[in-house]
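What shape does this take:
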Amino acid sequence: MINKRLSLKEEREWIEREIKDAKKKKHIILVAKDGNKVVGIADIKLKAGRKNHVGILGISVRKEYRESAWENS
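Residues are numbered from 1 along each chain as shown. Just a heads-up that it's a prediction; the model follows:
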């Protein structure tokens with residue numbers, strides 16, 4: 001869904017599901033800000049049932065805030 005444009009209704013439904021999961025402690029979202037500007041987001045979402053992996057981790061950083069540790073070494 002990265003390149004899919006959502007309607008306002010779809011966005012609202014997605015946000016409502018995410019809030020519901022957060023209240024059930026199934027999803028944690030961390031937001032990184034520089035002043036009032038969101039520059040990054042990380043989230044962990046628990047999966048249901050017994051599986052090899054119990055959760056999904058996602059990290060996104062605004063392009064102009066990315067920096068490789070190797071470039072500055």
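
mind checking how far Lys63 is from Val38?
With distances taken as CB to CB, to the nearest Å, Lys63 is found 13 Å from Val38. To be clear about C-beta, it is placed using only N, CA and C from the backbone, and glycine gets the same treatment.

quick one: which of these two has more around it?
Remark: of Lys63 and Val38, Val38 carries more neighbours, 11 against 7, as counted by other CB atoms under 10 Å.

Identify the residue nearest Val61 in space, chain neighbours excluded?
Closest residue to Val61 apart from its sequence neighbours, by CB to CB, 6 or more residues apart in numbering: Gly40 at 4.3 Å.

right, and the helix or strand after the helix or strand where that neighbour lies?
Taking DSSP states H and E as the criterion, the element that holds Gly40 is strand 37-46. The helix or strand immediately downstream of strand 37-46 is strand 55-61, counting by DSSP H and E.

Give the pairing partners of that following strand; include direction for each.
Looking at strand 55-61 with DSSP bridges, its partner strands are strand 37-46 (antiparallel).

who touches the partner strand?
Contact partners of strand 37-46, identified using CB atoms under 8 Å, 6 or more residues apart in numbering, comprise 21, 26-33, 54-62, 65.

What distance separates the opening and closing residues of stretch 42-50?
One end of stretch 42-50 sits 24 Å from the other (CA to CA, to the nearest Å).

again, but for stretch 32-39
Stretch 32-39 has an end-to-end distance of 6 Å (CA to CA).

Alright, that wraps it up for me.
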